[in-house]
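# What follows is a predicted structure for the sequence shown.
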Amino acid sequence: MNLGGALTPLLIVLLTAHFGWQGALLWVALPAVVLTALWAWYGRDTPQQHTAVTPAELAELPLPPVGSREPMTIARLVRILGNRNVLLLAFSYLCLNYAFYLLSSWSFLYLVQVRHFSGLESGIAGMLPWIGAGIGAGVGGYVSDWLVMRIGFRFGYHLIPMCSLPLAGLLLLVCIGVPTPYAAVCSLVLAFLSIELNEGAYWAATMRVAGADTAAATGVLNTGGNIGGIIVQPVVGALSGSGHWQAAFVSGAVFALLAALCWLRVNCEKPASSALASVI
């Protein structure tokens, strides 16, 4: 996802120069059509249904046979929606994604309007934060698993968010304070990296506390994240439109700190229901 985001600014600059902005939007829509067709051909609902999954791989998955699970019911969904850990993670993810969408949707415009990048240089500068995000997502997932294996579920998923999210907020403040354009780009790269370090921890922690209701719980988590994206657009649009870019970045720093504070109350030690513990 982040590498795709890294390609987008440069592609948009090049395509707009040749086809106009309407033509550029049409061209970048084509990969989604191809991906939809590939997913329809290749995707399956469960590992057991996929011919590429080997018997040895299936043996590693502690899942019941296909068809034996309890179907999703309103009562199960209500239980997930009422689970404190799921709701805390969803609200924290909302706050994290406020900062994520600030960086992903608005940093390119900030570099053009405030730091005065233009042309091909603006596309290259817009790529760099996304590259940092891609590195952060991969490294963060690996380190989260490493921490859980060594210090357990109670604190293993907590350490990265509680350290990297305040750091991301600080880097957003640094970005608006540094004097040179390329120093601002470096700050954005490190801020985006610090934000995306947390993806593995959020999703794995939600799976841990939800057990067999992982799909529903991660749906709640991602809904929270998308609400963060909904909130940030009009707020930053209004602030940037009136020239208050500093306030826009300060708001991202505040939300990043709120996201970290939520983890103080998250407990990943036990699944939501002990009856579901055998499936995770």
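That came through, no problem.

# thinking residue 57 is in contact with residue 47, fair?
Yes. If you go by C-beta atoms under 8 Å, residue 57 and residue 47 touch, sitting 7.1 Å apart. From N, CA and C alone the C-beta is placed, and that goes for glycine too.

# So these two - more neighbours on which side?
Each of residue 57 and residue 47 has its neighbours counted (other C-beta atoms under 10 Å); residue 47 has more, 15 against 11.

# Near the closest residue to that one other than its chain neighbours, how many residues? Count them for me, please.
Excluding the flanking residues, the one nearest residue 47 by C-beta to C-beta, 6 or more residues apart in numbering is residue 53, at 4.6 Å. Number of residues near residue 53 (other C-beta under 10 Å) recorded here: 14.

# Which pLDDT value does the model give residue 53?
On pLDDT, residue 53 comes in at 91.

# Domain map for this protein?
1-61, 74-279 (automatic domain parsing).

# Out of these, indicate the one that is most buried.
Of all the domains of the chain, domain 74-279 has the most neighbours on average by mean count of other C-beta atoms under 10 Å, namely a mean of 19.

# now that domain: how far from the chain's centre is it?
How far domain 74-279 lies from its chain's middle: 6 Å, per C-alpha atoms, centre = their mean, to the nearest Å.

# tell me the mean pLDDT for that domain?
91.

# So which elements touch the helix or strand where residue 223 lies?
Assigned by DSSP states H and E, residue 223 belongs to helix 214-241. Counting contacts by 3 or more C-beta pairs under 8 Å, 6 or more residues apart in numbering; DSSP states H and E, helix 214-241 is packed against helix 74-81, helix 84-113, helix 199-210, helix 245-262.

# Columns distance to residue 192 on top of these, output as JSON lines?
Shown next, in JSON lines, are the helices and strands packed on helix 214-241 (distance: least, C-beta to C-beta, whole Å):
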{"stretch": "helix 74-81", "distance to residue 192": "30"}
{"stretch": "helix 84-113", "distance to residue 192": "5"}
{"stretch": "helix 199-210", "distance to residue 192": "12"}
{"stretch": "helix 245-262", "distance to residue 192": "11"}
